[in-house]
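Q: predicted model and sequence follow; I will ask about them next.
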Amino acid sequence: MGKISKDDPLSEITFRRYEKPNLKDRDLVRKLCLSIGILQPGDSRDVVVDILYTLLKNRGEMSSEEIREKVIDIRKAKKLPVLGVASSNIRRQLKRLRDIFLVEKVANNYRVMENLSLNEIMEEKLEKFLIPSVLGRVKDYMKAVDEEFNSK
């Protein structure tokens, strides 16, 4: 029997609450990635942290190859395993960052969304657009489930 429906989400976002920020540098970006669900707790495959860190630190447009080179440099400097740095994986992680509006693609380069601060991105993109659309759809499912199980 084949698949009845496709279970791939149209969009998704996860929020986790941690203690107040008291970290610096890459560790601070790592905790942000955990907080917004683009990194899972205990996940050692954290190249997405270095990608976001690179874009935040350089604040200009960069090609995926430039990002890859900087990520390799960061991982070597921090004595981290140089894993997950294949060009295809860098582009996949950039797509994940684009999907939650932190990063945008301009021609063949990437940058922090509209060169905004992360706080502005949170207010303008996530709070006003992504979160309401996700919550609205969750409510649609809750209503449909209520109708399905409360009408019998």
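A: Cool, the structure landed. Residues are numbered from 1 along each chain as shown.

Q: so in this protein, which helix runs the longest?
A: Ranked by number of residues, the top helix in the chain under DSSP state H is helix 131-150.

Q: list the helices and strands that helix packs on?
A: Helices and strands in packing contact with helix 131-150 are not found; criterion 3 or more CB pairs under 8 Å, 6 or more residues apart in numbering; DSSP states H and E. (Each C-beta comes from the backbone N, C-alpha and C, glycine too.)

Q: chain center to it, what's the gap?
A: 25 Å (CA atoms, centre = their mean, to the nearest Å).

Q: one more: stretch 42-52?
A: Its chain's C-alpha centre lies 10 Å from the corresponding centre of stretch 42-52 when counted by CA atoms, centre = their mean.

Q: just to revisit the earlier point, need the residues that contact the longest helix of the chain.
A: For helix 131-150, the external contacting residues (CB atoms under 8 Å, 6 or more residues apart in numbering) are Leu10, Ser11, Glu12, Ile13.
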